[in-house]
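**Student:** Here is my input, please return the structure:
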Amino acid sequence: MQKWVWAIFIVMESKRGISALELKRQLGMKSYGTVWAILQKIRTALQKRDDAYKLRDIIELDGTQFGKKTTKNDREVLVAVETKSWIDDKGKRKEKAGFAKVIVTPERLKNAQEFADKNFKSGSMINTDGGFVHLKNFDHDYQVMDAKQEKVDHWLPWVHKFISNAKAWVIGTHHGVEGKYLHLYLAEYTYRFNRRHDPEGLFHRALTACTVSKPVTYGSLFG
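**Tutor:** Below is the predicted model:
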């Protein structure tokens, strides 16, 4: 039990995440496989915790790709980020990113519809680049994008910043990951992103998530 609590603490206190090799060293354990499984079980619990929330209001939606096609390790990913807006004391409109949701799935309308139905509040406004304008049960606003990155970033600022930082995190901390496990790494990153305004409470929140999560077998992690 002490090893588990200590592992959760180390993972959450590491601002940019931690590799299984480094966690193995800090825990003083001998088996890399055991430590890798601990990390994946923690990530699974974090993913299940975030599954309980739905995005609402204005939602940016876009697709991207992680990994390289040349190594057959590429995966398509759908990313959605809320836009939170308010009027400050001076009467000026302010905006910031709210919660995010991520799913590793091909960038197709059918998959996007299932993703939205499960994770978005009905009636929310979806901002996209035009690829998902036929989603049902939601309002839409879209712009057809050209090759200019600054135009894309201006229209979908939060989701593109999320994607850029997530890719840097995967490469910088983990030096790339196997495609079949990408969803768990992104679950950890998304969990951190969604609680970035409460760094002091991150460990306690993660401990709760792991406590209430259903058990995950070692074998199921290799699915």
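
**Student:** any chance you could map the strands in this protein?
**Tutor:** Remark: strands assigned in the chain by DSSP state E are 58-66, 75-87, 93-104, 125-128, 139-142.

**Student:** could you say what helices and strands the longest one packs with?
**Tutor:** Going back to what we said before, that points to strand 75-87. strand 58-66, strand 93-104, helix 109-119, helix 157-174, helix 182-194 (3 or more CB pairs under 8 Å, 6 or more residues apart in numbering; DSSP states H and E). For every residue, glycine as well, the C-beta is placed using N, CA and C.

**Student:** In this structure residue 198 contacts residue 205, no?
**Tutor:** Yes. Counting by CB atoms under 8 Å, residue 205 is a contact partner of residue 198 at 7.4 Å.

**Student:** Output the lowest mean pLDDT helix or strand found in this protein.
**Tutor:** Every helix and strand of the chain was ranked by mean pLDDT, DSSP states H and E. The lowest is helix 149-155, at a mean of 60.

**Student:** measure the most centrally placed residue in the chain to residue 24 for me?
**Tutor:** Compute the mean C-alpha point of the chain, and by CA atoms, centre = their mean the closest residue is residue 190, 2.9 Å away. As for residue 190, its distance to residue 24 is 24 Å (criterion: CB to CB, to the nearest Å).

**Student:** pLDDT value on the most far-flung residue of the chain relative to its centre, please?
**Tutor:** Distance from the C-alpha centroid of the chain peaks at residue 90, with 33.8 Å (CA atoms, centre = their mean). With respect to pLDDT, residue 90 scores 77.

**Student:** do the same with residue 139
**Tutor:** 76.

**Student:** before we move on, back to that, for residue 38, find the nearest of the strands of the chain.
**Tutor:** For residue 38, the closest of the strands of the chain is strand 93-104, at 21.6 Å, according to CB to CB.

**Student:** residue ranges with poor pLDDT in this protein?
**Tutor:** 130, 140-155, 222-223 (pLDDT under 70).

**Student:** Let me see the domain layout of it.
**Tutor:** Domain assignment for the chain, taken from automatic domain parsing, gives 2-51+195-222, 58-166.

**Student:** so can I have CSV of those domains showing distance to residue 186?
**Tutor:** Formatted as CSV, the domains of the chain follow (distance: least, CB to CB, whole Å):
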stretch, distance to residue 186
domain 2-51+195-222, 9
domain 58-166, 5
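
**Student:** So for residue 173, which of these sits nearest?
**Tutor:** Nearest to residue 173, of these and by CB to CB, is domain 2-51+195-222 at 4.5 Å.

**Student:** how far away is the residue farthest from the centre of the chain from residue 51?
**Tutor:** Distance from residue 90 to residue 51, by CB to CB: 38 Å.
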